[in-house]
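Student: The amino acid sequence is not available; the structure is as follows:
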């Protein structure tokens, strides 16, 4: 008989806020080493409250794929934040490695929430100074 690793189910009360953070947002780890799950990927939730924005940051060598669960967000990116796109519930977002970016919630009433999967098991968050962009 072959031994297989177990399938893990992680419910919201078990999500871990003890992961790298960026101002203006909250990241909650669901599939991560600190949850006792060995994987080559990281998975969790990301939320930005109404009217808030994150600091400028990047994720080093990690690529990020996000699925927008709820709300609307503006994402800015580039050397000077010169590019922007909008995503709404049902959209996927791909953030390439090393790309400086920030997320903005234009709503005064609704948080936006994403399901996030990263290309390495431990999230990399490099927070950049606010003056990085003019």
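Tutor: Arrived safely. Note that the structure is predicted; figures quoted are calculated from it, not measured.
Student: what sits against residue 48?
Tutor: Residue 48 makes contact with 24-26, 54, 73, 103-105, 111-112, according to CB atoms under 8 Å, 6 or more residues apart in numbering. In short, each C-beta sits where N, CA and C put it, glycine included.
Student: Spit out the contact partners of residue 8.
Tutor: Applying CB under 8 Å, 6+ apart, the residues contacting residue 8 are 31, 35, 37.
Student: if I look at it, how far off is residue 62?
Tutor: Separation of residue 8 from residue 62 (CB to CB, to the nearest Å) stands at 21 Å.
Student: so what's the backbone phi/psi at residue 12?
Tutor: Residue 12 adopts backbone torsions of phi -50, psi -40, taken as degrees, to the nearest 10.
Student: What segments of this protein are helices?
Tutor: Using DSSP state H, the chain contains no helices.
Student: any weak-confidence spans in it?
Tutor: In the predicted model of the chain, residues 1 satisfy pLDDT under 70.
Student: Okay, strands next: where are they in it?
Tutor: Listed in chain order, the strands of the chain (DSSP state E) span 26-31, 42-48, 57-58, 64-70, 72-77, 83-88, 92-95, 101-104, 112-118, 126-127.
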